[in-house]
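Undergrad: show me how the following folds:
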Amino acid sequence: MPLLPITDPAIDLDQRYASADNITGKPIYDRAVALLHPDAHAALLRAAGLAAAQGLRLHLFDAYRPVAAQWQLWQTLPAPDFIADPRRGSAHSRGVAVDLTLATAGRVPLEMGTGFDDMTPQSGHARTDIPVPAQHNRLLLLGLMAAAGWRHNPREWWHYNLPDPAAYPLIDDAADGRLLMDLR
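TA: Model prediction:
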């Protein structure tokens with residue numbers, strides 16, 4: 001099944017792995033293209049509609065991730081609590097996961113207490129030791145995403161995947177991977 005590009009005007013793209021602004025400190029993707037499995041694409045559009053009803057936007061950091069990119073993340077931080085071991089497969093490499101936050105109608109990301117890819121205990125959903133507005137924003141994101149059919153990662157406020165991601169095959173087709181990175 002082909003991956004679908006995310007082009008909805010209600011979703012801001014901030015593909016962090018196409019820039020050096022990520023945990024590796026260097027671009028992983030050559031191109032800032034966000035792709036998803038059709039099931040995940042539909043669920044993301046549902047979430048965007050729910051956010052819009054609250055006067056908010058989705059601000060997307062990552063979606064489909066080729067297995068080669070997953071290896072680069074694993075080599076930077078081989079911590080299974082935060083980075084999926086590429087030998088087991090990642091929900092991102094199946095096209096059924098997103099990393100995102102909420103933003104105002106003016107495209108300003110909401111405060112979440114930590115940054116994206118902050119691989120520390122502070123990034124967990126149930127933290128009460130972060131500012132109350134950040135707690136509220138995390139819960140708002142959680143509610144919108146859950147209502148749209150997503151499951152959260154309790155350790156990362158930004159990560160959501162479809163239920164039972166292992167039911168979806170890993171996608172490492174060179175044609176799909178080349179959309180994001182040079183797989184020489």
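Undergrad: which residues does the most centrally placed residue in the chain form a beta bridge with?
TA: Centroid check for the chain by CA atoms, centre = their mean gives Asp99 as the closest residue, at 1.5 Å. Asp99 forms beta bridges with Asp62, His159, as assigned by DSSP bridges.
Undergrad: that one is in contact with Asp118, isn't it?
TA: No - between Asp99 and Asp118 there is no contact under CB atoms under 8 Å: 11.8 Å. C-beta coordinates here come from the backbone N, C-alpha and C atoms, glycine included.
Undergrad: could you report the pLDDT at the residue nearest to the centre of the chain?
TA: Residue-level confidence at Asp99 comes out at 95, pLDDT.
Undergrad: look up how far Ala97 lies from Ala32.
TA: For Ala32, the distance to Ala97 equals 17 Å [CB to CB, to the nearest Å].
Undergrad: the two: which is more packed in?
TA: Neighbour tally, Ala32 and Ala97, criterion other CB atoms under 10 Å: the higher count belongs to Ala97, 26 against 14.
Undergrad: so what's the more buried one up against?
TA: 40, 63, 65, 90-91, 159-162, 165 (CB atoms under 8 Å, 6 or more residues apart in numbering).
Undergrad: sort out for me which of those residues are in strands.
TA: Among those, the members falling in strands (DSSP state E) are 159-161.
Undergrad: got the buried residues for the helix or strand containing Trp74?
TA: Assessed by DSSP states H and E, Trp74 sits inside helix 67-76. Of the residues in helix 67-76, those buried under the neighbour-count criterion (16 or more other CB atoms under 10 Å) are 67-70, 72-74, 76.
Undergrad: and the contacts of it?
TA: Applying CB under 8 Å, 6+ apart, the contact partners of helix 67-76 are 17, 23-24, 28-29, 65, 83-86, 89-90, 92-93, 170, 172, 177, 180-181, 183.
Undergrad: do that again at 6 Å, thanks
TA: Applying CB atoms under 6 Å, 6 or more residues apart in numbering, the set of residues contacting helix 67-76 from outside is 23-24, 28, 83, 86, 90, 93, 172, 181, 183.
Undergrad: which parts of this protein are strands?
TA: Taking DSSP E as the criterion, the chain contains strands spanning 4-5, 11-13, 35-36, 56-62, 97-104, 151-153, 156-161.
Undergrad: count residues in the vicinity of the closest residue to Ile6 other than its chain neighbours, would you?
TA: Here the nearest residue to Ile6 in space, its sequence neighbours aside, is Ala34; by CB to CB, 6 or more residues apart in numbering that works out to 4.1 Å. Number of residues near Ala34 (other CB under 10 Å) recorded here: 26.
Undergrad: same check, this time on His136
TA: Neighbour count of His136, defined by other CB under 10 Å: 12.
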